[in-house]
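Engineer: I'll drop the sequence and a predicted model, then ask my questions.
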Amino acid sequence: MIRTDVLRLAQVRADAASGAAMRTRAAARLSLSEIADLCGVDPSTVWRWERGKRNPRGEAALAYARVLEDLAQHRLHRDEVA
């Protein structure tokens, strides 16, 4: 695993545990199913991640991290334009 992936994995786990990931998804008005499809997992998996029942792991966790990063970046860009 490369360094950026390790950092991304640590961040997505922290965001999931703190509720930041759920807030980011909700602010983007995306459903659990939509996020799950992007990550290649079942919606119940995302639900467990967002409620601290399970830690995001492996490639699905990295996909989740990238989705959250993209959503956060989009929100920053949208706020700059507004």
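Structural biologist: Perfect, I can see it now.
Engineer: How about residues contacting stretch 56-68?
Structural biologist: 5, 8-9, 11-13, 15-16, 21, 24-25, 35, 38-41, 45-46, 49, 55 (C-beta atoms under 8 Å, 6 or more residues apart in numbering). C-beta here means a position set from N, CA and C on the backbone, and glycine is covered the same way.
Engineer: how about it: buried residues?
Structural biologist: Residues 56, 60-65, 67-68 are the ones in stretch 56-68 that count as buried (16 or more other C-beta atoms under 10 Å).
Engineer: same check, this time on stretch 28-39
Structural biologist: 28, 32, 35-36, 38-39.
Engineer: Same question for stretch 38-48.
Structural biologist: Here stretch 38-48 shows 38-39, 41, 45-46, 48 as buried, counting by 16+ other C-beta under 10 Å.
Engineer: Which ones among those lie within helices?
Structural biologist: Counted as lying in helices by DSSP state H, out of the buried residues of stretch 38-48, are 38-39, 45-46, 48.
Engineer: Reformat those as TSV; add pLDDT and distance to residue 1.
Structural biologist: As requested, these are arranged in TSV below (pLDDT from 0 to 100; distance: C-beta to C-beta, whole Å):
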residue	pLDDT	distance to residue 1
38	97	21
39	97	17
45	98	20
46	98	22
48	98	22
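Engineer: Show me which of those is closest to residue 75.
Structural biologist: Residue 75 lies nearest to residue 38 out of these, by C-beta to C-beta, at 16.6 Å.
Engineer: show me the contacts for the closest one.
Structural biologist: When contacts are taken as C-beta under 8 Å, 6+ apart, residue 38 is in contact with 63, 67.
Engineer: Roughly how far does it sit from residue 3?
Structural biologist: Shown here: residue 38 relative to residue 3, a distance of 24 Å by C-beta to C-beta, to the nearest Å.
Engineer: per-residue confidence at residue 35?
Structural biologist: Predicted confidence (pLDDT) for residue 35: 98.
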